[in-house]
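Undergrad: have a look at this prediction, sequence included:
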Amino acid sequence: MSMSDLAVPDNHVEDRAVAAYLGLAIGDALGATVEFMTPREIRAEYGVHDTIRGGGWLNLRCGEVTDDTTMALALGRSILEQGKVDAVAAARAFDGWMRAKPVDIGNTVRRGILRFRQSGELVAPPNDHDAGNGACMRVLPVALATFGYDRTRVRADTLAQARITHNHPLSDAGTLCVVEMVQAFLAGRSRVEVLHEHVYRLIEQHSPFRFRGGKPRENPSGYIVDTLQTVFQCFFDTDSFADCLVETVNRGGDADTTGAIAGMLAGACFGLKAIPDEWIDALAQPVREACAAQARALVGLSQQTVACCGAPHAAMVRGAHPTV
Ligand code: MG
Ligand code: MG
């Protein structure tokens with residue numbers, strides 16, 4: 001299947017949503033090959049790593065993806081089944097995902113799912129060690145499903161899925177920032193506008209995310225700050241989908257996750273036509289089809305809800321308004 005088989009939508013929002021979801025999967029598949037390698041090791045092995053080829057420490061098949069994409073797909077399915085973001089449905093979806101023995105799973109994610117399985121508790125207790133990137137890497141379906149909603153509701157839905165496994169102010173802030181960036185691109189905002197309106201606001205509130213002025217970040221860990229500093233540097237200092245992803249994954253470290261997050265942002269920003277055909281073609285067919293179908297269905301859901309009811313508010317969702 002090539003890009004033309006994806007039936008390039010004429011709807012601008014849908015185009016960017018599909019590009020964001022394929023970008024997530026492409027960044028994951030491309031980065032997984034070099035996850036935990038240093039930039040020097042990557043250079044020695046591949047020169048510049050820019051081909052989806054599988055392998056890596058997980059010994060993936062070519063075009064296969066990891067937890068970043070498969071958790072997002074599990075979350076997206078739960079949203080579509082419920083017609084909204086629902087913490088119980090999301091937690092059950094993550095639980096089902098873990099039972100199906102995914103190729104990889106982060107420690108914080110595993111701990112959070114086990115807690116839910118044992119206690120039914122939907123919110124992880126606050127923990128200094130929960131500032132990993134696991135809530136952020138899988139958040140794209142929430143960004144698509146709540147596009148056009150008011151900020152309070154977007155925040156509530158973002159944190160409902162995030163805190164099932166991660167409960168830390170930096171994870172919360174970084175994850176919310178990525179959601180808002182994706183939504184701003186769907187709305188047609190430019191990179192400069194998104195930088196000023198969302199990224200600088202994040203940095204004002206949480207200075208550790210500052211990403212300019214130092215050296216290029218290499219070997220980013222799974223810490224949300226390392227991850228987003230890398231993604232921001234690569235995304236804002238390159239000018240195309242392909243350059244952004246190649247720059248990101250060649251920095252090594254948690255490359256599948258930096259790749260996944262950079263891919264969703266670059267996809268939303270540059271759109272479907274900017275994604276190289278060979279990367280789309282290299283994705284495993286079921287992954288490519290599931291990502292494209294979910295992207296369309298999730299933005300369709302948000303647009304339906306906004307068109308029929310206006311932008312839902314957080315209070316409505318929590319049931320805080322008595323029925324009149
Ligand atoms: Mg992964
Ligand atoms: Mg990873």
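TA: Arrived safely, thanks for sending. Ligands and ions are numbered 1, 2, ... in the order given.
Undergrad: going forward, measure contacts and count neighbours with C-alpha atoms only.
TA: Noted.
Undergrad: show me which residues of the chain sit near ligand 1.
TA: Within the chain, the positions lying close to ligand 1 (CA under 5 Å from the ion) are 66-68.
Undergrad: apply 6 Å and report the result again.
TA: 66-68, 256-257 (CA under 6 Å from the ion).
Undergrad: can you tell me which of those residues has the most neighbours?
TA: Highest neighbour count within these, by other CA atoms under 10 Å: residue 257, with 35 neighbours.
Undergrad: surely it meets residue 138?
TA: No. Counting by CA atoms under 8 Å, residue 257 stays clear of residue 138, with 9.4 Å between them.
Undergrad: quick one on the thing from earlier: show me which of the residues of the chain next to ligand 1 neighbour ligand 2.
TA: 256-257.
Undergrad: tell me the one of the residues of the chain next to ligand 1 nearest residue 112?
TA: Among these, residue 67 lies closest to residue 112 (CA to CA), at 14.7 Å.
Undergrad: just the strands in the stretch 151-300 of the chain please.
TA: Ranges of strands in the stretch 151-300 of the chain, per DSSP state E, counting those that start in this stretch: none exist.
Undergrad: where do the helices sit along it?
TA: Under the criterion DSSP state H, counting those that start in this stretch, helices of the stretch 151-300 of the chain are mapped to 151-162, 169-186, 191-194, 200-205, 224-236, 241-249, 255-270, 277-282, 285-309.
Undergrad: what's the closest of the ones you listed to residue 113?
TA: helix 151-162 (11.7 Å).
Undergrad: how about low-confidence regions in the protein?
TA: 1-10, 313-324 (pLDDT under 70).
Undergrad: tell me, what's touching residue 257 and residue 138 both at once?
TA: Residues touching both residue 257 and residue 138 (CA atoms under 8 Å, 6 or more residues apart in numbering): residue 68.
Undergrad: is residue 41 part of a helix or strand, or is it coil?
TA: Assigned with DSSP: H, G, I helix; E, B strand; the rest coil, residue 41 falls in the helix class.
Undergrad: count the neighbours of it for me.
TA: 14.
Undergrad: that one: what's it in contact with?
TA: Contacts of residue 41 (CA under 8 Å, 6+ apart): none.
Undergrad: could the helices of the stretch 151-300 of the chain go into JSON lines alongside distance to residue 121?
TA: Converted to JSON lines, those look like this (distance: least, CA to CA, whole Å):
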{"stretch": "helix 151-162", "distance to residue 121": "12"}
{"stretch": "helix 169-186", "distance to residue 121": "18"}
{"stretch": "helix 191-194", "distance to residue 121": "35"}
{"stretch": "helix 200-205", "distance to residue 121": "29"}
{"stretch": "helix 224-236", "distance to residue 121": "24"}
{"stretch": "helix 241-249", "distance to residue 121": "36"}
{"stretch": "helix 255-270", "distance to residue 121": "27"}
{"stretch": "helix 277-282", "distance to residue 121": "38"}
{"stretch": "helix 285-309", "distance to residue 121": "26"}
